[in-house]
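> coords please:
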Amino acid sequence: MPRRSRRNEILEAAEKLFSERGFSAVSTRDVANVVGIQSSALYHHFKDKLDLVIEVLRRVSRESANDFEHILALDVTPEEKIKAIIDHQIGYFLKSQTGVRLYQYAYLDGAPEIIESI
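Prediction:
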């Protein structure tokens, strides 16, 4: 099994921590400690904490966007596409508590540059 890239390890750790505590309650040192690296090593992958937050949210958004693209490409009626999108969103909210919490923090706790970037 191939080793995950350090960048992906950082993103996974940050996603978990951000979803548990919120963006403002997590430091880059917290993320680095979970990954087992010095906090300065994070800056080889991300320019700052805001860059890390935005990339975590983009990753979560990409997964959902890929699902939407698949649904929109289906050869079904518009009504069936809308139903499929609604079903997908309900399923996403039920299964991905991490993603839901990240979106909540982005909108309730986030800076405008976070909202504009996702």
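> Helix, strand, or coil at residue 114?
Judged by DSSP: H, G, I helix; E, B strand; the rest coil, the three-state class of residue 114 is helix.
> cool, and residue 55?
Three-state assignment for residue 55 (three-state DSSP): helix.
> before we move on, what about residue 7?
Put simply, residue 7 is helix when judged by three-state DSSP.
> The residue of the chain most remote from its centre and residue 83, how far apart?
Centroid-distance maximum for the chain: residue 77 at 30.8 Å, with C-alpha atoms, centre = their mean. According to C-beta to C-beta, to the nearest Å, residue 77 and residue 83 sit 9 Å apart. For the C-beta atoms, the positions are set from N, CA and C on the backbone; glycine is no exception.
> what's the answer for residue 65, then?
For residue 65, the distance to residue 83 - C-beta to C-beta - is 19 Å.
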